[in-house]
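**Student:** For reference, the sequence and a predicted model appear below.
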Amino acid sequence: MTGLQIVQIPVLSDNYVYLVHEPRDRLTGVVDPSLAEPVLETLDRQGWKLDYIINTHHHWDHTGGNVALKAETGAFIVGPQAEAQRIPLIDRALKEGERFRFGQAEAQILDIPGHTSGHIAYWFEPDDVLFCGDTLFSLGCGRLFEGTPAQMWNSLSKIRRLPDSTRVYCGHEYTEANGRFALTVEPENADLISMMARIRATRARGQPTVPSRLGDEKAANPFLRADKRELQAAIGMAGSDPVAVFARVRSQKDNFRG
Ligand SMILES: [Zn+2]
């Protein structure tokens, strides 16, 4: 544990931007800034100065604040190597196997393509923190804009190998709608049913459902369960290739109106 402090900033209709602060060296980063203004206001309120901009993928609602924040603060920008051309003002491109040193803390980089072709995650292992952008959501996963079902299943399987205690900081508050869909896939999943009850109560109080705990996602998120007997049986695909099962569930979600 390095005592990382995380401040969640809701922006646009459902995006989350995160300030990450390492208190010993007094370093601050911002993960996926859609916009500059709310980030600057929050930095001000915390009394923190911005050192790093940390991007998971190139979409504008994750990088839209890069240029203005760098102009204002001189922050150093890190992002995915495979999308370096599409990350505004990137200073250092990162890929799997590399580490991003952040004061006393350190993130391992995971390549998790599928939503976009070069999407990466930042895993701060000792702090049990994962920033995974739009790849894994609570009870859902990102749409496949630039990747195949096989790539996305592989990326999600990589995330699934992390410890249950990992806190999943994803890019959007989509949890309740994702859960409504998940219940159509596995209506009998007791873990999903109880997680959804907690989520509905949290949303009714106007509070965020993010971060979620990876252990809960493993038990309830259909996109992490394409190789599970119970899920396969629930959709009439017992014994099928997990990639085919994942593709089926993903395309059902793409067409879900609920
Ligand atoms: Zn995205």
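**Tutor:** Noted; the coordinates are in hand.
**Student:** The ion contacts on this protein?
**Tutor:** 59, 134 (Cβ under 5 Å from the ion). Quick note: C-beta positions are derived from backbone N, CA and C, even for glycine.
**Student:** now the helices for the chain?
**Tutor:** Assignment of helices within the chain using DSSP state H yields the ranges 37-46, 60-63, 66-73, 149-160, 175-185, 190-204, 214-220, 229-234, 242-254.
**Student:** What mean pLDDT does stretch 51-65 get?
**Tutor:** Stretch 51-65 carries an average pLDDT of 98.
**Student:** First-to-last residue distance for that stretch?
**Tutor:** The first and last residues of stretch 51-65 sit 14 Å apart, counting by Cα to Cα, to the nearest Å.
**Student:** mind listing what's buried in that stretch?
**Tutor:** 51-59, 61-65 (16 or more other Cβ atoms under 10 Å).
**Student:** And for stretch 238-258?
**Tutor:** Applying 16+ other Cβ under 10 Å to stretch 238-258 flags 242-243, 245-250, 253 as buried.
**Student:** Write down the beta-bridge partners of L27, one by one.
**Tutor:** E22 (DSSP bridges).
**Student:** Could you measure from it over to N154?
**Tutor:** 32 Å (Cβ to Cβ, to the nearest Å).
**Student:** Also K49?
**Tutor:** Shown here: K49 relative to N154, a distance of 38 Å by Cβ to Cβ.
**Student:** Equivalent analysis for I9, please.
**Tutor:** Look at I9 and N154: by Cβ to Cβ, they are 31 Å apart.
**Student:** what does D25 give?
**Tutor:** 35 Å.
**Student:** Same drill for the two, tell me which one is more crowded.
**Tutor:** For D25 versus N154, neighbours defined as other Cβ atoms under 10 Å are more numerous around N154 (18 against 13).
**Student:** Can you tell me the closest non-neighbouring residue to the more buried one?
**Tutor:** The shortest distance from N154 to any non-neighbouring residue, by Cβ to Cβ, 6 or more residues apart in numbering, is to G114 (7.9 Å).
**Student:** again, but for W123
**Tutor:** Using Cβ to Cβ, 6+ apart and skipping residues adjacent in sequence, the residue nearest W123 is Q108, 4.7 Å away.
**Student:** wait, isn't the one you found in contact with P126?
**Tutor:** No - with contact defined as Cβ atoms under 8 Å, Q108 and P126 do not form a contacting pair (10.5 Å).
**Student:** Could you check which of the two is surrounded by more residues?
**Tutor:** Using other Cβ under 10 Å as the criterion, Q108 and P126 rank with Q108 on top: 16 against 12.
**Student:** re earlier: ok, so of the buried residues of stretch 51-65, who is nearest the ion?
**Tutor:** For the buried residues of stretch 51-65, the closest approach to the ion (Cβ to the ion) belongs to H59, at 3.6 Å.
**Student:** For H119, see how far away that closest one is.
**Tutor:** On the measure of Cβ to Cβ, H59 and H119 end up 9 Å apart.
**Student:** overlap in contacts of the two?
**Tutor:** Overlap of the contact sets of H59 and H119 (by Cβ atoms under 8 Å, 6 or more residues apart in numbering) consists of D134.
**Student:** doesn't W153 make contact with V243?
**Tutor:** Yes - taking Cβ under 8 Å as the definition, V243 is a contact partner of W153 at 5.2 Å.
**Student:** tell me, what's touching these two both at once?
**Tutor:** With Cβ under 8 Å, 6+ apart, V243 and W153 have common neighbours A226.
**Student:** A201: how many residues sit nearby?
**Tutor:** Neighbours of A201 under the rule other Cβ under 10 Å: 10.
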